[in-house]
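Peer 1: fold the stuff below for me.
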Amino acid sequence: MSKESKDVKLRKHISKWQQVFIWIIAIAFIGGIVLWAFAVNYTPSAKKIKRTLEESVGYVTKDGTALKNEAYWVFPEEIEETYGNLLAQYGNPSIDPVVEVPYVKTLIAIDKLNNKLMLYYAELNNIKADKSKLKEIVSKEIEAIKKDATKSQQIKAQYGSLANYEKEFTKQKEQELIIQAVKDKLGAISESDVQSHYDKNKEQLIQQYTKAEVSYATFSTKEEMDKFVKSAMEKGITQAATEASITLTDYTLTKGTLPEELEEMIFDATSTIVSFPYSETYFVFNVKSVQKVDTFENFKKSEAYTEVLNNLKNEKFGEEFKKWKESNKVEFQIRDAVYNAWYKALSSEEKDLLTVYKKMYEDIFNDKGEVRTDIAVEQRSAFLVVADRIVASTNTALETVKADVKEFEKKIVNSIYEQVKGSSMEILRRMKEYYPDKKDIAFDYYSKLYDTVKPYLSIGGAYYVMNQLFEIYQGFSELAESTSVELKIRADSLYKLYDMNKLLDDPNTAKGYLAKLKELKPDYSINFESAEKELDDMIKQKEQQANQEATATTNESTTTTSEPTNTTDTNNK
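Peer 2: Coordinates of the predicted model:
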């Protein structure tokens with residue numbers, strides 16, 4: 001088994017170190033950003049200025065020496081442009097400037113430098129882009145733009161002409177095709193390779209990829225279940241569900257979800273309708289499709305084949321590319337101090353952590369053991385990753401430095417907090433742990449965390465941030481109820497609880513917190529009268545809705561009860 005590449009380790013360590021925001025996953029995809037979608041400073045008439053190596057963020061080296069061709073260097077503006085494009089693509093999310101911003105930018109830098117390495121490989125091995133495929137992609141893009149007046153106008157404004165844009169787009173796509181050609185060459189996998197992998201990992205693959213796409217309904221009694229099944233068999237499950245006012249829930253069933261004997265009833269179903277009791281509930285499943293990988297032939301027909309094939313290709317590419325770099329003494333170097341610190345912190349193997357820690361300490365602390373304030377906060381924050389990794393490590397060689405590491409980590413967090421105050425949620429979180437008696441820091445932390453989840457509450461997405469929501473609720477409640485906390489923090493905490501419950505569509509609880517706020521601080525900067533009226537209107541609306549639903553249910557019950565009576569009368573007649 002080959003060793004993992006450093007960029008793979010980088011992604012693994014960051015995921016273990018903190019919760020990564022969902023949109024950041026898009027970093028793997030940077031090359032696919034469409035040029036026209038974002039503002040670009042295109043100046044075709046400007047004279048090309050020769051750059052110096054000192055201006056670069058990083059570069060490709062051969063035998064330890066930087067390549068002279070600046071096409072293999074990465075410059076700061078490339079990182080910033082891609083970072084800006086990525087933010088725009090994901091709706092400009094708010095991210096931690098001290099921790100998440102350098103992390104994302106480091107990934108971008110690594111991505112770009114790896115691409116430079118592949119382009120260098122392509123140059124040495126005379127790998128070119130497929131001209132016909134390139135022409136097809138460019139033609140399709142230009143034709144689509146010509147048909148869209150808004151895009152066309154936007155591009156002309158940014159690039160001066162459609163021809164200028166076509167040149168830039170062609171250049172980008174040519175590089176993408178070359179990089180893909182390198183991956184295809186070094187990551188070539190035959191069908192026999194896939195079959196060999198399948199044979200060695202058959203049981204694991206069956207467990208992982210056997211699945212059924214189903215929709216289901218639940219019932220309280222066997223009689224209800226049997227009645228619905230009969231109707232579904234006669235009329236089809238959609239019609240039966242409509243007539244019975246039952247909502248079918250879509251679900252992907254995988255192995256291990258239900259007891260094995262029940263799963264087999266679905267995976268081996270001869271009918272699309274499957275029913276059984278489970279855990280004091282009666283289930284009816286509509287089996288839409290089943291993916292089985294119990295034989296290699298079935299595996300080849302499944303979606304799993306493509307996924308496994310791509311994984312094997314990526315693994316093979318990583319191994320072969322690593323061999324090529326080592327045998328040819330080709331690698332990249334990162335000049336930028338922040339990106340270099342983060343890269344070392346995330347990608348270094350555990351056995352090298354002590355060396356990385358000592359080097360970082362020398363860079364960040366002065367002779368008196370104080371944190372140097374002339375070192376960028378983003379570079380200092382990389383130390384926190386190393387500190388967390390050392391503290392979590394079971395390597396006995398690191399035991400002797402764990403106490404010192406925690407002490408230095410605290411000093412760095414304090415120094416960053418003094419400089420950025422409440423702008424970093426991660427720094428606030430650590431400060432809250434260090435100083436539990438400082439309620440102003442706790443309030444700032446919960447407020448910052450609330451700001452990140454509030455957009456989800458506005459669209460009814462509380463389910464996705466439930467853990468954070470619980471932490472926020474508990475935190476503000478403790479602050480609001482503590483008589484030892486200053487009045488302003490207590491009042492602001494009550495307001496946050498009122499606001500949160502209103503967004504959660506719980507006007508009764510919100511009204512309770514609003515009353516507490518009015519009692520605690522009558523002169524609080526809110527119009528209590530209009531706020532109360534808004535909550536009363538919400539309560540009234542919910543009551544009306546509940547009454548309407550109750551009436552509809554009663555009418556439906558009456559109709560259902562009267563139907564068999566009418567049938568009996570007809571039969572008697």
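
Peer 1: dump the host helix or strand of Leu354 to CSV, restricted to CA.
Peer 2: Per DSSP states H and E, Leu354 falls inside helix 353-364. This file holds the C-alpha atoms of helix 353-364, laid out as CSV (Å, rounded to 0.1, in the frame of the first residue of the first chain):
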residue,chain,number,x,y,z
LEU,A,353,5.2,17.2,14.1
LEU,A,354,7.9,17.9,16.7
THR,A,355,10.2,19.5,14.1
VAL,A,356,7.3,21.6,12.7
TYR,A,357,6.3,22.7,16.2
LYS,A,358,9.9,23.8,17.1
LYS,A,359,10.2,25.7,13.8
MET,A,360,6.9,27.5,14.3
TYR,A,361,7.8,28.4,17.8
GLU,A,362,11.1,30.0,16.6
ASP,A,363,9.2,32.0,14.0
ILE,A,364,6.3,33.2,16.2
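
Peer 1: count the neighbours of the spatially closest residue to Ser423 that is not a sequence neighbour for me.
Peer 2: Nearest in space to Ser423, with sequence neighbours left out and distances taken as CB to CB, 6 or more residues apart in numbering, is Pro97 at 5.9 Å. The way it works is simple: take the backbone N, C-alpha and C, and place the C-beta from them, glycine included. Neighbours of Pro97 under the rule other CB atoms under 10 Å: 16.

Peer 1: touching, Pro97 and Met425? I think so.
Peer 2: No - with contact defined as CB atoms under 8 Å, Pro97 does not reach Met425; the gap is 9.9 Å.

Peer 1: what does the helix holding Leu354 contact?
Peer 2: Applying CB atoms under 8 Å, 6 or more residues apart in numbering, the contact partners of helix 353-364 are 337, 341, 344-345, 348, 371-372, 375, 379-380, 382-383, 386-387, 389-390, 393, 395, 397-398, 401, 405, 408, 412.

Peer 1: do that again at 10 Å, thanks
Peer 2: 337, 341, 344-345, 347-349, 369-372, 375, 379-380, 382-383, 385-387, 389-390, 393, 395, 397-398, 400-401, 404-405, 408, 411-412, 415 (CB atoms under 10 Å, 6 or more residues apart in numbering).

Peer 1: using ChimeraX, define a selection of the buried residues within those residues.
Peer 2: ChimeraX command restricting the contacts of helix 353-364 to the buried ones, with burial defined by 16 or more other CB atoms under 10 Å:
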select :341,344,345,347,348,371,375,379,380,382,383,385,386,387,389,390,398,401,405,408,411,412,415
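
Peer 1: my read is Gly422 is in a strand, agree?
Peer 2: No - counting by DSSP: H, G, I helix; E, B strand; the rest coil, Gly422 is located in no strand; its state is helix.

Peer 1: residues contacting it?
Peer 2: Counting by CB under 10 Å, 6+ apart, Gly422 touches 428, 431, 440-441, 443-445, 447-448.

Peer 1: among the residues you listed, name the buried ones.
Peer 2: Applying 16+ other CB under 10 Å to the contacts of Gly422 flags 428, 431, 441, 443-445, 447-448 as buried.

Peer 1: can you give me the strands in the stretch 151-300 of the chain?
Peer 2: 211-219, 249-254, 273-278, 281-291 (DSSP state E, counting those that start in this stretch).

Peer 1: give the buried residues for the first one.
Peer 2: Pointing back at strand 211-219 there. So, applying 16+ other CB under 10 Å, buried residues of strand 211-219: 211-212, 214-217, 219.

Peer 1: that strand: how far from the chain's middle?
Peer 2: 27 Å (CA atoms, centre = their mean, to the nearest Å).

Peer 1: from the contacts of Gly422, which land in helices?
Peer 2: Counting by DSSP state H, these place 428, 431, 440-441, 443-445, 447-448 in helices.

Peer 1: quick one: those as a markdown table, columns for pLDDT and distance to Glu234 too.
Peer 2: As requested, these are exported to a markdown table (pLDDT from 0 to 100; distance: CB to CB, whole Å):
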| residue | pLDDT | distance to Glu234 |
| --- | --- | --- |
| Leu428 | 97 | 62 |
| Met431 | 97 | 66 |
| Asp440 | 96 | 68 |
| Ile441 | 97 | 66 |
| Phe443 | 97 | 62 |
| Asp444 | 97 | 63 |
| Tyr445 | 97 | 59 |
| Ser447 | 96 | 58 |
| Lys448 | 95 | 58 |
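
Peer 1: farthest-separated two in those residues?
Peer 2: Pairwise distances across the ones in helices among the contacts of Gly422 (CB to CB) peak at 13.5 Å, for the pair Met431 and Ser447.

Peer 1: what number of residues lie near Asp367?
Peer 2: Asp367, neighbours per other CB under 10 Å, totals 5.

Peer 1: check Leu354 too.
Peer 2: Other residues lying near Leu354 total 18 when counted by other CB under 10 Å.

Peer 1: Ser139 now?
Peer 2: 11.

Peer 1: gap between the helix or strand hosting it and the chain center?
Peer 2: Using DSSP H and E, the element containing Ser139 is helix 131-146. Relative to the centre of its chain, helix 131-146 is centred 32 Å away, using CA atoms, centre = their mean.

Peer 1: which elements pack onto that helix?
Peer 2: helix 149-159, helix 162-186 (3 or more CB pairs under 10 Å, 6 or more residues apart in numbering; DSSP states H and E).

Peer 1: tell me the secondary structure at Tyr456.
Peer 2: helix.

Peer 1: now for it: which residues touch it?
Peer 2: Applying CB under 10 Å, 6+ apart, we find Tyr456 in contact with 462-466, 468-469, 503.

Peer 1: can you list those residues in CSV and add pLDDT?
Peer 2: Formatted as CSV, these follow (pLDDT from 0 to 100):
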residue, pLDDT
Ala462, 87
Tyr463, 85
Tyr464, 86
Val465, 89
Met466, 91
Gln468, 92
Leu469, 94
Leu503, 94
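
Peer 1: buried ones only from those, please, as a ChimeraX command.
Peer 2: To isolate the buried members of the contacts of Tyr456 in ChimeraX, using 16+ other CB under 10 Å:
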select :462,465,468,469,503
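
Peer 1: so which of the contacts of Tyr456 comes closest to Ile539?
Peer 2: Leu503 (15.4 Å).

Peer 1: distance check, the residue lying closest to the closest one once chain neighbours are set aside against Leu469.
Peer 2: Sequence neighbours aside, Leu457 is the residue nearest to Leu503 in space, at 4.0 Å (criterion: CB to CB, 6+ apart). To Leu469, Leu457 is 8 Å away according to CB to CB, to the nearest Å.

Peer 1: repeat that for Lys185.
Peer 2: Lys185 is 49 Å from Leu469, by CB to CB.

Peer 1: next, the angle helix 162-186 makes with the helix or strand containing Glu320.
Peer 2: Assessed by DSSP H and E, Glu320 sits inside helix 303-328. Calculated by axes from the mean of the first three to the mean of the last three CA atoms, to 10 degrees, helix 303-328 forms an angle of 90 degrees with helix 162-186.

Peer 1: mind giving me the packing neighbours of the helix or strand following helix 303-328?
Peer 2: Following helix 303-328 in sequence order, the next helix or strand is strand 330-334 (DSSP H and E). Counting contacts by 3+ CB pairs under 10 Å, 6+ apart, strand 330-334 packs against strand 58-62, strand 65-66, strand 73-74, helix 100-124, helix 303-328, helix 337-347.

Peer 1: out of the buried residues of strand 211-219, which is nearest to Lys329?
Peer 2: Of those, the one sitting nearest to Lys329 (CB to CB) turns out to be Lys211, at 46.3 Å.

Peer 1: partners of the closest one in the sheet?
Peer 2: Thr254, Gln291 (DSSP bridges).
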